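S.K.: What would the 3D arrangement of this be:
(chains A, B, C, D, E, F, G and H, ligands or ions: 3)
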Amino acid sequence: MNVSTDIRTEGKGYFGTLWYGAKSLLIGLKVTLTALFKPIVTVQYPREECEITPNYRGHVELVYNPETGGCDCIVCGMCARACPSDCIVVKGEKKEGEKKKSLTLFSLDFTKCSLCGSCVETCPKGALDYSQDYNIAGFTREEFHYDLIERLKRRHQQPLAAAAGGN
Amino acid sequence: MHPATEKLVSDLQALSIEARSCDFAQRGYHLEIDLEAGQVRTLAECMLKNDMYLVFVGGLHVQPATEVIYQFASFEHPCRVVARAAVDGNNAVPTISDIFQGANWHERETRDFFGVIFTGHPYLKPLILAEEDADLKPLLKSDADLKESGAVRWAPPEEPAAEKKSPNADDKKTEEG
Amino acid sequence: MPAPQVIDFVYVIVVLAGGIIAGFAPFVISDIFRPRTINRKTLLTYECGMDPYGSAWDIRFGAAYYLYALIFLAFDVDILYLFPVAAAYDKVSGLQGVLELVLFIGILTLAVAYVWVKGVFTWAIKREEI
Amino acid sequence: MAYGTLIEIFFYFFIIMILFGSWLAVTSQILMKAVMGLAMAMFGVAGLYLYLNSPFLALMQILIYVGAVCIMIVFGIMVGYTPKELAAYAIEPKNTLLSLAASLLTLGVIYLGLSKAQWQPSPGAGSGDFGITNLGLNLMNRYGLAFELISVVLLIAIIGAVAITWNGKRRGLSK
Amino acid sequence: MGDQERGNLKVHSYAAELKARLERGEPGDLVVRDPGPLVKSKIADEIFNICRANSLWPMTFGLACCAIEMMSLGMARFDISRFGSEVFRPSPRQSDLMIVAGTVNKKMASAVMTLYDQMPSPKWVIAMGNCAISGGPFAVGENYNVVEGVDKLIPVDVYVPGCPPRPEGLLEGILKLQEKITGVRHPFPQRKISDAPSY
Amino acid sequence: MISLNLYSYLAVAGALLCLGLYGLMQHRSLIGMLISIELILNGAGLNFMAFNRFLAPDPTVGQIFALFIMGLAAAEAAIAVSLIFAVYRKYKTSDPERINDLRG
Amino acid sequence: METATVTNGASIELEPAVDIPSSCNHYYLNMGPQHPSTHGVLRVLLEMDGEYVVEAQPVLGYGHRMHEKMAEHKTWMAFMPNTGRMDYAAALPYNHGYVSLFERLCGIEVPARAEYIRVITSELNRIVSHHLWLGAFLLDLGAFTPILYTFDDREQVLDILEDVTGSRLTYCYYRVGGVCKDIDDKFVERTRAFIKRQRERFKVYNELVTGNIIFLKRVEGVGIITPEMARRYGVTGPVLRGSGIAYDIRKAEPYSVYDKFDFEIPVGKTGDSLDRYLVRLEEMEQSLRIIEQALDQLPEGPYLGKVPKKLKLPTGDSSFAVEAARGELTYYLVSGGGDIPYRLKIRVPSYSNLSVLPELGKGLLIADLVAAMGSLDLVIPEIDR
Amino acid sequence: MPPELLRMIITAVLVVAFVFLNAMILGYMERKVSAHIQRRPGLMEVGPHGVLQLIVDGLKLIGKQLVVPEGASPFLFRLAPLLSFVPCVLPFVVIPFSRKLQAVSMDVSLIYILAMTSINVIAILVAGWASNNKYSLFGTFRSVAQAVSYEIPMLLSLLSVILITSTFSLKGIIEAQKYYWFILIQPVAFIIYFISGLAETNRAPFDMPEAESELTAGFHTEYSGMGFSFFFLAEYANMFTVCSIATILFLGGWKGIPLPLGDYTGIVWFLLKVYGLLFVMIWVRWTYPRVRFDQLMTFCWKYLIPFSLANLLITAVVVKII
Ligand code: SF4
Ligand code: SF4
Ligand code: SF4
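M.R.: Ligands and ions are numbered 1, 2, ... in the order given. As a prediction, this is how the structure comes out:
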């Protein structure tokens, strides 16, 4: 399919070009003038929140499990191994009388993350998910070295405290 | 095989370059060529004559000698050619940048990454790397990682399934072109 | 006693003085309050983040620009002569005025025509030999 | 009268402008500054034209000299010189003295001439119509030929300048 | 002039300086000379700071993927111009804000430093995206070329993480910077969101 | 009222002429010479205008002369600069002395 | 004011960095790495003669991010994010080629639905990329408004894509054996709505840009790439098609399910910037057609096939070419067994498209050089890798 | 102090204030109009609907460091912004905002305005040369070649009006449009004048010297802080001057539907017309791509000048016949 159409100006002649040019310029002006009176398309961010799709990939976050009141992580370390940029450090210890290891440290260095999703996909327990934080900014880079357990706790202060009390 | 490809193979034959045809579904190219460093320019000229274009020039660090990989393809008919040329004793191959101008940058880049010298290249200065890093050669493998050139080739057709259980192993036939 | 138009221009000069003051005042205020940090390359001529090659004063631009200025110079002066004529145009006798003006503009047009034919206005998209 | 003094002050101002400007123009090593000096002197002269009852000429002076001739000269500088070359044009003292002497001599001669001459204002001088309309009428009627001639002169200037400068082949003309 | 002849054009760079800075891990002595303003006045400073915060002109300076999101911020959907910052100046001389949007590698580093130096003070830097903050996905063991964080080269005021951050993130960064300059955060009362914009 | 005195104008015109002469000898670049010539021409224009104002019965003559001087100055500048340009292109220098060397 | 060390205004003492003989009219000019029209970090060293470019020598590497090196140290999944970051304007075709390469090498079957999803999203991404190019190209030509219009349209697609992939730009959506998330009816619906809207927008583009005399005069006959030149440089994509060679990997070596669709390859005649512009506009229309057909034919089924947990690569090499937004993208992988590639060579389209520049730019006016460069649609970090 | 002197000083203050005010209004207008053309709100957050933005910008520029690069010519470098700004103030003295609102009425007002605006070219030359920056120098060359070329069709189109009115006094020209505006009998001259005006003020699509995509910021690449803002003030002042000449010559100046106190309130119509034209300038800028430099010159010499010469000739003949 050939795209070269008759729009080329070559060979239109002195007055032909003038006529064609003047016409095209006026048409252009018409386009912008109509746009001038159309409504704006801006989402004025700090004043209006835009809807972020639930599938948005923010930094990873531990998933809250309302049943246990904590997270499902079994400290298998799969996520940390799958991460291409080594952003995840997971540590756990085996407490007395428990079958599974319990999570003591889950730190995420978000400044290296590429949001690839490996960690979320490899987690056997589905303990990780993306957060919806789309508007973060800070004064130091350390602000983005997240302690995910802490964040989880803060998000669900009450239940976790209760769960801790029950133990 | 497309008639134009056949002509190319016979043209190459005439220049005593042997092209083996490969299974496209698995390898993604139709012809495979192994070269001496000295034959590179002959090949390139023949390719230009047969209306092929240069896809890329790249390096491959293997033992015993670094290989330079050329890929050619055609605009008109499905034909993709991969040619490998091991560098000579001086770590050099002749340039083809005067035949395919597009090779100019590819060769400079290969020099950057592997330190291969393209003799006759008009301006073999660092392209991608900074001038200070001219001797970095980042893509050279460490000794531990370095492999024999045979270890990165498709295994010969006689013993396909024996070595590795590749699902498509039975398709993998290489014919002598 | 100065002529009346001089008084008009005294206005102009007073406004000029006002303009100069208005021009200097922000600079002075700015001089007092602005920071004056010098980093290593702050004073380097900007050239897209690289160190410039040579001084811009060593460049000689091509004839093209210069030719435009040149044609303009003569042309401009020519047109300026028309100013008094235009101001008196309603007072000169009909045929003579038209004739003189047509002649004058005709000569002007000749200049444009000459330069046009010479090809000064035609820039090649691509210069073949450099 | 207050204006009278003000206007006198401006007169001095213009003269200083002329002198300083032309001094800058002739002594400055940096041609760009010399042109600035020239422009300044032109402004001063334009100011004096005002005092000579001709605002039109004053404005023409600015339009032609500042708006056209100075620009032309700047182009000439940019086209013809580099600072390195200008460095070679350092003024030699001998030369300076010589030119100084010559110009002082001229000044002396002029002074002598001025002091000798006795000019009598002709009756009605300075009282006629200095306006632009009168000028235009004269330009059309009495000096009609000169008016046409100057356009021919300028035409020749354009043609000559283009012929000297323009080298069509160098630009690879497409037509 | 052929390629060979160009060979003797020395490409000037901050090579040694860069190496030193990278080894130090922080910008260090950037300032050669800083006499300070003639008159130091707190009130004037405060007034100027309010003005500066509300008129941050960024430099057109995109490095990689994040630059596209930076562009998006200037476009109709997000519209940075509401804060008076849409004046992307092509020359560092006229800009107040350098948004390092993307990966800085060693070759680029000297240009980044030069451009920063050439901005007249007061000047600010936003490191946008993980690459600019810490090298991001490229801060890996075999890294031979990427500078792990632009704060090793020039002082950074605000960090906006993400790969790439959404434009809102960068907007938030600019608001944070305003907060840093003026010391207070301007409240933005939430408006009821209008229905999805009609096209 | 020195602004109403013919001699003050003549003196300025004379000064312009002298400075122009001085510059003409002083400057060793063609452009510099051109600048000086412009100064001299201006002095002449000023002279014409002054005489026109104070001596001539017809107020337009001097103005027209001054106008023509401007026109001639412009034409002269145009030609001079194009000569400089041509000289430069031919000899790659605009120094009048060096041009002599080259010719000789 | 801060005074410079040279105080009297003359730079007589200033020694230029390069000694250009004063008899030479030429001078050197850096265009980039920070320059509005080099789209990021390209630096072009120009040797100029007045307004004319004598020689334009691109200096690469200001965006070099070691992708090839990283590929040799990572498993396929760990390298996946990098593919999306090479060509950030159209990341999905890059993902596409990359996963297909492994599928080809290891002989992995991909469910039909996954292939369709890939085609739909890839084509959407191609449109996004062309939007971006169109805006940036016109910005280079000095028109500011079109880029806002195209970005407005772009945001529509980004919304659709973000909904399914989770990110706006650097997608990491495909997986070996399929895609990582299924599309739903909402996606189909929104995409259809977008197609309708986009078709209307073409009219606006044509009125505002294509017909505009200034635009036409700026691009007509500028930066002509002849077919012969295209072959010597290995130019690809819309740039190649603008020169009149109807070569499109989607037709020439149909991968995925592209052979099931009816679409055409637009080609130009003269190979100037205008042709490249028109080719890209038409390509957007063709992409819309592909998406329409794919949505109609979209089969049911799984979106991710059966894949071994750890991909074991056979020894040998394999090559996979896809048509990325800017042209032919070839991955060439050499494997020595194991799960980490021995060497991955990525042949990116802009690389060869840019390599024409020294020849293209010879003797051009600087404004034309900018126009020609804009019409090549360069993404510099892709070139530098 | 004599009352005349007081009047002079008041004039000076008013004129200078108006120049600053005009720059603010135009800057705001430009940013708002462009925003809405692009379907975004534009300035919003600094003051209600961002009205304070331009003040804030101005103050910020005052508080910004001024860098005089090494290798530049310090004196000329600092002179240029002033040289550009100061003459821009002067034309306002003679602009008749309404019948009675005119500071000075000369019979050569039009020439006076032309002379004052022609000084701007020198300022650009000095700025570009003094910066010792290649991009600046480049921008300067283009800008000057463009400004001088477009001055010719501008003068020619003005002359065709002068041939009709036979006066250079702006008041006289307005009074001459008693029954109809001159745009009706001189449409070609008006279009040519407007196009040349766009080019003279370096507005897009003729914004060669500031062609961002080619020359970064053109002749003011090296200017920071106040230096830069003076160029902008000058640009906006020049735009106003050009549009007010167009209004006076072609659109009947202060004339409009009579208002009470017509001798003074004519300013409403005058400003409406001027800002209407300025709106068109802004509108045009945000619609078109930039023309290439040589096309710009070619357009001037091959289209505008022949057309305006023809227009002038026809006018000359027709005026005599009628
Ligand atoms: S998303 Fe990817 S890069 Fe980020 S933490 Fe998870 S695995 Fe690591
Ligand atoms: S993969 Fe899942 S379960 Fe295992 S450590 Fe990570 S989060 Fe915990
Ligand atoms: S942070 Fe991510 S998106 Fe931004 S430049 Fe780096 S890789 Fe690209």
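
S.K.: Name the residue of chain H that lies nearest to chain B.
M.R.: Residue of chain H nearest chain B, by Cβ to the nearest Cβ: H:K134 (22.6 Å). All C-beta spots, glycine's among them, are computed from the backbone N, C-alpha and C.

S.K.: Quick check: that residue vs C:Y53, distance?
M.R.: From H:K134 across to C:Y53, the span is 9 Å (Cβ to Cβ, to the nearest Å).

S.K.: now A:T68
M.R.: A:T68 sits 67 Å away from C:Y53 when distances are taken as Cβ to Cβ.

S.K.: middle-most residue in chain G, spatially?
M.R.: G:R326 (3.5 Å; Cα atoms, centre = their mean).

S.K.: I'd assumed G:P238 was in contact with it.
M.R.: Yes. G:R326 lies in contact with G:P238 (Cβ atoms under 8 Å); the separation is 7.4 Å.

S.K.: Identify the contacts common to these two.
M.R.: G:D377 (Cβ atoms under 8 Å, 6 or more residues apart in numbering or on different chains).

S.K.: Check whether G:A143 sits in a helix, strand or coil.
M.R.: coil (DSSP: H, G, I helix; E, B strand; the rest coil).

S.K.: Report the separation between it and ligand 1.
M.R.: 39 Å (Cβ to the nearest ligand atom, to the nearest Å).

S.K.: any idea how far the nearest residue to that residue once chain neighbours are set aside is from B:T42?
M.R.: Leaving aside its sequence neighbours, G:A143 sits nearest to H:P289 (Cβ to Cβ, 6 or more residues apart in numbering or on different chains; 3.8 Å). Remark: distance between H:P289 and B:T42 (Cβ to Cβ) = 49 Å.

S.K.: The two: who's more crowded?
M.R.: Legend: neighbour count by other Cβ atoms under 10 Å in any protein chain shown for H:P289 and B:T42, higher for H:P289 (30 against 17).

S.K.: Looks to me like the more buried one is in a strand.
M.R.: No. Applying three-state DSSP, one finds H:P289 to be coil, outside a strand.

S.K.: Contact partners for it?
M.R.: G:138, G:141-143, G:209, G:212, G:214-215, G:218, H:205 are the contacts of H:P289 under Cβ under 8 Å, 6+ apart.

S.K.: got it, and G:E264?
M.R.: A:1, G:286.

S.K.: Quick check, pLDDT for the residue of chain H closest to chain B.
M.R.: With respect to pLDDT, H:K134 has a value of 81.

S.K.: the strands in chain C, which residues?
M.R.: Assigned by DSSP state E, chain C shows strands spanning C:38-39.

S.K.: what's the longest helix in chain E?
M.R.: What stands out as the longest helix in chain E, according to DSSP state H, is helix E:167-182.

S.K.: Pull out the buried residues from that helix.
M.R.: Under the neighbour-count criterion of 16 or more other Cβ atoms under 10 Å in any protein chain shown, helix E:167-182 has E:167-179, E:181-182 buried.

S.K.: Who are the packing partners of it?
M.R.: Helices and strands touching helix E:167-182, by 3 or more Cβ pairs under 8 Å, 6 or more residues apart in numbering or on different chains; DSSP states H and E, are helix E:42-53, helix E:65-74, strand E:97-101, strand E:124-128, strand E:158-160.

S.K.: Can you confirm whether that helix lies near ligand 3?
M.R.: No. Judged by Cβ under 6 Å from any ligand atom, helix E:167-182 makes no contact with ligand 3; its nearest approach is 10.9 Å.

S.K.: can you pull out the strands in chain B?
M.R.: B:19-21, B:31-35, B:52-60, B:67-74, B:80-86, B:92-94, B:117-119.

S.K.: Does the lowest-mean-pLDDT helix or strand in chain C reach chain H?
M.R.: In chain C, no helix or strand scores lower on mean pLDDT, DSSP states H and E than strand C:38-39, which sits at a mean of 76. No. If you take Cβ under 8 Å from any Cβ of the partner chain as the test, strand C:38-39 misses chain H, and the best it gets is 8.6 Å.

S.K.: so who does G:Y247 touch?
M.R.: B:75-76, G:236, G:240-241, G:265.

S.K.: Show me which of those residues is closest to H:I248.
M.R.: H:I248 has its nearest neighbour among these in G:R241, at 54.3 Å by Cβ to Cβ.

S.K.: Just give the number of residues close to that closest one.
M.R.: G:R241, neighbours per other Cβ under 10 Å, totals 29.

S.K.: got it, and the one 4 residues further on?
M.R.: The criterion is other Cβ under 10 Å. On that basis, G:I245 has 20 neighbouring residues.
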